[in-house]
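K.L.:
Quick one: sequence plus predicted model below, questions after.
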Amino acid sequence: MMKPRTTFTFLLAGLSALLGASPALAADTSMTVKLADHAVPDIEQLPPGHYKDLVQYGHALTTRTFAHIGPEVLNVGKRYAGNNLACASCHQQAATKPFAMPWTGVSATFPQYRGREDDISTVEERVNGCMERSMSGQPLPLDSREMKAFVTYISFLSRGIPVGATVEGAGMVQSKMPNRRADLEAGAKVYEAKCSVCHGPDGQGVRAGQPGDAQGYIFPPLWGNDTFNNGAGMNRLAMATRFVKHNMPQGTSFDAPQLTDDEAYDVSAYMLSKPRPVKANLEVDFPARWNKPVDSAFPPYLLGAPADQHRFGPFPPLVEKQRQMAEQLKAQGVAERAKAAEADRK
């Protein structure tokens, strides 16, 4: 078990994210990089050679994942992804768009603590987490060219961003959630009006070619068999809401949203109410149960709320319960340290 003080620190970081605050980095944060003003490195400016080749392959894997490691590629041994999405389906603009979970600056933040594993994770482990969840597939071998290409591309995008710098535009805009259960009927109406023109009335997207040709989608499916599974971060309503609010429909950016908070919340819930692939063994996620995000819609649950509330809200009451738990853990930790100090004096 983690030491109480460390546990409390990590729990507060998770609570801060749900409440809309940004947890402080442990390293020096004297420098702030604004991705909106940060020039994306130009691959074509690299000199010919192995490094440029690997960066280019990493870019191709990001934008056309389905064509290189998808479930329809001819080389069966390369079928690591379990769906025909691209990494850029979520990590938009080749993983460089501010507040669309960009990879720019990621190399400056890893290794980092991850509550899902309750451990320190590397960039490689983070990549494989996406492979198993968002891509609904299997992990890449650590010594594979594909893993090296992903890591090299991430490092290339992170050029000029020092370790410990504050990256403004990383992740997503940490907006607060409405204090109510999501309205699926309202979400269905938002979907029909704002989303179906691209993703289809049945949520199955628009294919670039035909099933089996490994050409992926022009617009990706949002539910069904060919999308992210229920263990993906995007299957959390708070995360999906923030992504949708500041990146959808097409043309949306973090500073020019097209949906209201309520519309983004309801349409995201509608999307997540639909069937999708199921990841096995989710019960092992977040072994430090107090660190589990309240919108993680799979058991076990720790806060005494029904499963429906963890799936569709309201979340603020759950966040408050978790905050109280954090305070209790802090008090317990202080008491235990005081007791240990007293024992040392005897």
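P.N.:
Received the coordinates, thanks.

K.L.:
and the gap between the residue nearest to N225 when sequence neighbours are not counted and E72?
P.N.:
With CB to CB, 6 or more residues apart in numbering as the measure, P277 is the residue that lies nearest to N225, at 6.4 Å, once sequence neighbours are left out. Backbone N, C-alpha and C define where each C-beta goes, glycine included. Computed as CB to CB, to the nearest Å, the P277 to E72 distance reads 16 Å.

K.L.:
For the residue nearest to N225, list the residues it contacts.
P.N.:
82-83, 136, 225, 227-230 (CB atoms under 8 Å, 6 or more residues apart in numbering).

K.L.:
Which of these has the largest number of neighbours?
P.N.:
T227 (28 neighbours; other CB atoms under 10 Å).

K.L.:
Could you measure from that residue over to H199?
P.N.:
Counting by CB to CB, the gap from T227 to H199 is 10 Å.

K.L.:
any shared contact partners between those two?
P.N.:
Counting by CB under 8 Å, 6+ apart, the contacts common to T227 and H199 are 220-221.

K.L.:
could you pull out the helices for the stretch 101-250 of the chain?
P.N.:
123-132, 145-157, 184-190, 196-199, 237-247 (DSSP state H, counting those that start in this stretch).

K.L.:
I'd like to know which of those lies nearest to M101.
P.N.:
helix 237-247 (7.5 Å; CB to CB).

K.L.:
Helix or strand next in line after that closest one, which one?
P.N.:
Reading on from helix 237-247 to the C-terminus, the next helix or strand found by DSSP states H and E is helix 261-272.

K.L.:
pLDDT on that following helix, on average?
P.N.:
Over the span of helix 261-272, the pLDDT mean works out to 98.

K.L.:
Output it as PDB, restricted to C-alpha atoms.
P.N.:
Below are the C-alpha coordinates for helix 261-272, written out as PDB (Å, rounded to 0.1, in the frame of the first residue of the first chain):
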ATOM      1  CA  ASP A 261     -21.700  22.700 -21.700                       C
ATOM      2  CA  ASP A 262     -25.100  21.000 -21.400                       C
ATOM      3  CA  GLU A 263     -25.200  20.000 -25.100                       C
ATOM      4  CA  ALA A 264     -21.700  18.500 -24.900                       C
ATOM      5  CA  TYR A 265     -22.500  16.600 -21.700                       C
ATOM      6  CA  ASP A 266     -25.800  15.200 -23.000                       C
ATOM      7  CA  VAL A 267     -24.500  14.200 -26.400                       C
ATOM      8  CA  SER A 268     -21.500  12.600 -24.900                       C
ATOM      9  CA  ALA A 269     -23.700  10.600 -22.600                       C
ATOM     10  CA  TYR A 270     -25.900   9.500 -25.500                       C
ATOM     11  CA  MET A 271     -22.800   8.300 -27.400                       C
ATOM     12  CA  LEU A 272     -21.500   6.400 -24.400                       C
END
